[in-house]
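Participant: Need a 3D model of the following:
(2 chains)
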Protein chains: 2
Amino acid sequence: MDDITTSYLDTWNTTDAAQRGELLRQHWSSAARYTDPMAEVVGHEQINALVDGVHQQFPGFVFTPVGQPDAHHNQVRFQWGLGPDGAEPVVIGFDVLTLDADGRIEQVLGFLDKVPA
Amino acid sequence: MDDITTSYLDTWNTTDAAQRGELLRQHWSSAARYTDPMAEVVGHEQINALVDGVHQQFPGFVFTPVGQPDAHHNQVRFQWGLGPDGAEPVVIGFDVLTLDADGRIEQVLGFLDKVPA
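Facilitator: Numbers count the residues shown, from 1 in each chain, chains lettered A, B, ... in the order given. Okay, the predicted model is just below:
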């Protein structure tokens, strides 16, 4: 499950859309659903476009793990930070992932713990 | 969404199986899935039996909300406590619910924040 949160954050940190598409095919169910307070998307294409938009909005920012994931059965909860490389995150989020039978991400339920003032 | 967390905790607090079945029919999707670190069940009958087991294990204990729910789209996260009525909870849990199109609970992803030593 540590692996899947790493794959998840790698997907978010990849700035090249084609490379990101490859990570989506490897680690995400084709019918993956992603919902956070600002976005509700389904499938690789929409998720890819969502991540692209975040990189355009926050150029150079990176996603980093915060603390340790807490996993059992096919689900994991964890926090992540988003900010300039090497600096304090300006956004902290909290996600719960569920995995399909092949170990791919099939659902992301996202929440926000810290947002810019 | 405050309503649904109330209905959720009401379901857990109902000690009579028939009354609990009624709450399940009212507020839970018939295909509702529930997964916490110790249980993975599907549907009203299995959920009803799970709650029954918890009341047998912890007679007289009650579930209470901890803090405020955080909801958006069809999902909500919140903490709850379990303990003797009026006393400090001995267990604190954290759940993420998703609702179906009719506003019924269709999925519970449960985690534990505090367990007895």
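Participant: Which residues outside the longest helix along chain A are in contact with it?
Facilitator: With secondary structure taken from DSSP state H, chain A has its longest helix at helix A:43-57. Taking C-beta atoms under 8 Å, 6 or more residues apart in numbering or on different chains as the criterion, the residues outside helix A:43-57 that touch it are A:11-12, A:14-15, A:17, A:20-21, A:24-25, A:28, A:30-32, A:34, A:39, A:41, A:61, A:82. (Each C-beta comes from the backbone N, C-alpha and C, glycine too.)
Participant: Check stretch A:68-75 too.
Facilitator: Counting by C-beta under 8 Å, 6+ apart, stretch A:68-75 makes contact with A:1-2, A:5, A:76-78, A:96-100, B:35-37, B:40, B:109, B:111, all of which sit outside it.
Participant: And that stretch, how far out from the chain middle?
Facilitator: 15 Å (C-alpha atoms, centre = their mean, to the nearest Å).
Participant: Tell me which residues of it come out buried.
Facilitator: Neighbour counts using 16 or more other C-beta atoms under 10 Å in any protein chain shown place A:69, A:70, A:71, A:72, A:73, A:74, A:75 of stretch A:68-75 among the buried residues.
Participant: got the residue ranges for the strands in chain A?
Facilitator: Assignment of strands within chain A using DSSP state E yields the ranges A:28-36, A:39-42, A:61-72, A:75-84, A:91-99, A:105-114.
Participant: So which elements touch the last one?
Facilitator: For strand A:105-114, the elements it packs on are helix A:2-13, strand A:28-36, strand A:91-99, strand B:75-84, judged by 3 or more C-beta pairs under 8 Å, 6 or more residues apart in numbering or on different chains; DSSP states H and E.
Participant: near chain B, which residues of chain A?
Facilitator: Applying C-beta under 8 Å from any C-beta of the partner chain, one finds that chain A approaches chain B through A:35-37, A:40, A:70, A:72-75, A:77, A:94, A:96, A:98, A:109, A:111.
Participant: repeat that with 6 Å
Facilitator: If contact is defined as C-beta under 6 Å from any C-beta of the partner chain, the residues of chain A in contact with chain B are A:35, A:37, A:40, A:70, A:72, A:73, A:75, A:77, A:96, A:109, A:111.
Participant: Report how many residues lie close to residue A:76.
Facilitator: As a burial measure, the neighbour count of residue A:76 was computed by other C-beta atoms under 10 Å in any protein chain shown and equals 22.
Participant: looking at it, it is touching residue A:99, isn't it?
Facilitator: No. Residue A:76 lies out of contact with residue A:99 (C-beta atoms under 6 Å); the separation is 8.0 Å.
Participant: And the worst-scoring helix or strand of chain A on mean pLDDT, what does it pack against?
Facilitator: When the helices and strands of chain A are compared on mean pLDDT, DSSP states H and E, helix A:2-13 comes out lowest with a mean of 95. Using 3 or more C-beta pairs under 6 Å, 6 or more residues apart in numbering or on different chains; DSSP states H and E as the contact criterion, the elements in contact with helix A:2-13 are strand A:61-72.
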